[in-house]
Every structure is written in structure tokens, then in C-alpha cells.
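Student: Any chance you can model this:
(one chain, ligands or ions: 1)
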Amino acid sequence: MAETYQLLDGKKAAEALREEIAHATVGVKEKLGRAPHLAAVLVGEDGASKTYVGSKVKACAKVGFRSTLVKKPADITEAELLDVVAQLNADPEVDGFIVQLPLPKHINEQKITLAIDPKKDVDGFHPMNLGRMVIGLPGYLPATPNGIVEMLRFYGIATSGKHCVVVGRSTIVGSPMSILMSRNADPGNCTVTLAHSRTVDLPSITRQADILIVAIGKPGFVTADMVKEGAVVVDVGIHRVADKSRSKGYRIVGDVDFASVAPKCTAITPVPGGVGPMTVASLLLNTLKAAR
Ligand code: GUN
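Tutor: Below is the predicted model:
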């Protein structure tokens, strides 16, 4: 059994990325005559969404970007939200913007995503950017998958020829992740298996993974018996579970049962402090690209 594992510290990797971004921002500011500007649209009062958007806004200040938080009530109509998107599309002072998901049920998320100008789509969710990624053209890469790629790069994790198993096929994480890991690039060049809710005998698949990326949205779902000795494990999940021993009454856990899985790994991301900070750093990277 691997006695010690490397902790893939996302805060540290994100800080290094932010330093590079802050450095590049100086030149961009001189050229533009203003700071790069990210806007974030937050609809409703979802606690997790508020936290995520808050950390995105804070990160902007750290690298010298301007940020604007556009807050709208949960009962905003789809037409009104489309109008907000149209205004941000047209605003020459906004380089890029995001609409935080999930949206209230009465709003069609796809319709909103499609309305965002691909040139300002720093989340990389628009089909134009997803399509460009698939055929290897420059564009905005989706923030979480690209953050994971940057994390693997930062820690020098070898990927070429490795078997990468991605668990979860969401359009914002699992599907694009599988594409980035299989493309002819470094990090990349993996043999990829994309597992999902219809996968038969999932543990037999995950046990084959040299690199296991879990984005299934179930707390503690991946247990030690599902992981190969020596694997690299990346946990995208983030959940609040009740814990009376904590002052807040909850603790944050991922999709991976860290305590049992970590001793089997050569490297593993913690939750919190793993993928989350890299997602935010990757969004900053896209915003810098947009401003350029
Ligand atoms: N909800 C969960 N992750 C994300 C993200 O990366 N971007 C947006 N806009 N919403 C999210």
C-alpha cells in the first residue's frame, strides 16, 4: 500500500496561476487603458452559488481585474434575464461574463447559454467554444476541466498513455474533461473512459484508472475498493454535509471518500482546496484572454 500520497493543493497551484495572470495584466492594462473586466450574474439566493460567485469576484481583485456582480431575484423572467445577457453582450467595458448555474427551474439554461456572445463566454459553455475545443481551435475552455488540466500541469502529473477514467458526463465537467484528457496535448494523450449512471459494474472500470476524475455529484461516492493502488485521484464534488461538531453545523466533502481513498493514491486533490480554486483561476485566465 502507498504509505504517502501527494496532496494536489489547488490553493497553491491557483496562487501560482494568479501570479502569472497578475503579471500579464499590467501589460494588458497599459494597452487597454483600463483593467480587464469580468461580470457575474447571480440569480436568486442559493447559498452555494453565492459562495462561488463571491470567490470569483474576490479573485478578480487579487489579480487587478475589475468585477461587477449583477444580482437578480429568483422570480426574474426568462425574457428579463435574456435582456441582462444582451446588455452585457453589448457593453464595451465588459470583457467577459458568466451566468452562475443552476438557474431557477422556470428558466431554460440552454437558452441563456446560447444567448451569450461566444467572444464573452469566459465559462466556455457556448457550443461555439465547446466546438472549437473539440476540433482544436483556440477559444475559451470550460473553467473546471481546464482548471484540472492546469493542476495536473502544475504538479507535473504524467498523462501520456495513461488510462483516465472520468465519472460523470455533465456538459460542464465530465464531457469536456474527457475531451481535454484525450486530445493530442500535454497534459493529454490519455486513453479515456467516460463512465456514467448507465455504466455496468462501475468499480471494475474505476479500478482500471491511472487517473480517476470524479464529477458525479454524490458525497463520498468513491470508496477505496473502487481505486487502483497508485492512482491519481481528482475530486470535483463539493457538498455540505451536516456535522454538529463544526461551528457552522456542516462540513464540506467531495465525491470521494478521502480518508479511505487517499492512502491508496500517489496523488489526490482535497475538498475543499482542490479543484475549486483552480476553476476560479481558470476563469481569470479566460477573462485575461477576453481582454486581450
Ligand atoms: N455552477 C457550477 N459550476 C459553474 C461554473 O463553472 N460556471 C457557472 N456559470 N456556473 C456554475
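Student: spatially speaking, which residue is in the middle of the chain?
Tutor: The residue lying closest to the centre of the chain (CA atoms, centre = their mean) is residue 144, at 1.6 Å.
Student: which residues sit in contact with that one?
Tutor: By CB atoms under 8 Å, 6 or more residues apart in numbering, the residues touching residue 144 are 172-173, 177, 215, 236, 275, 278-279, 282. For the C-beta atoms, the positions are set from N, CA and C on the backbone; glycine is no exception.
Student: Kindly state the pLDDT recorded for it?
Tutor: Residue 144 carries a pLDDT value of 97.
Student: element containing the closest residue to residue 29 other than its chain neighbours, please.
Tutor: Spatial nearest neighbour of residue 29, excluding adjacent residues (CB to CB, 6 or more residues apart in numbering): residue 35 at 5.6 Å. Assigned by DSSP states H and E, residue 35 belongs to no helix or strand.
Student: which residues sit in contact with the residue of the stretch 101-250 of the chain found nearest the ligand?
Tutor: For the stretch 101-250 of the chain and the ligand, the shortest gap (CB to the nearest ligand atom) falls at residue 101, measuring 3.7 Å. Applying CB under 8 Å, 6+ apart to residue 101 gives the contacts 49, 109, 172.
Student: do that again at 7 Å, thanks
Tutor: By CB atoms under 7 Å, 6 or more residues apart in numbering, the residues touching residue 101 are residue 109.
Student: sorry, back to before: is it correct that the residue nearest to residue 29 is in contact with residue 63?
Tutor: No - counting by CB atoms under 7 Å, residue 35 stays clear of residue 63, with 9.3 Å between them.
Student: higher neighbour count, the two?
Tutor: Here residue 35 and residue 63 are set side by side on neighbour count (other CB atoms under 10 Å), and the busier one is residue 63, at 22 against 17.
Student: what are the phi and psi angles of that one?
Tutor: Backbone torsions for residue 63, taken as degrees, to the nearest 10, come to phi -110, psi 10.
Student: Settle this for me: it is touching residue 26, isn't it.
Tutor: No - under the criterion of CB under 7 Å, residue 63 makes no contact with residue 26, lying 10.2 Å away.
Student: what does the stretch 101-250 of the chain put close to the ligand?
Tutor: By the rule CB under 6 Å from any ligand atom, the part of the stretch 101-250 of the chain lying against the ligand is 101, 123, 143-144.
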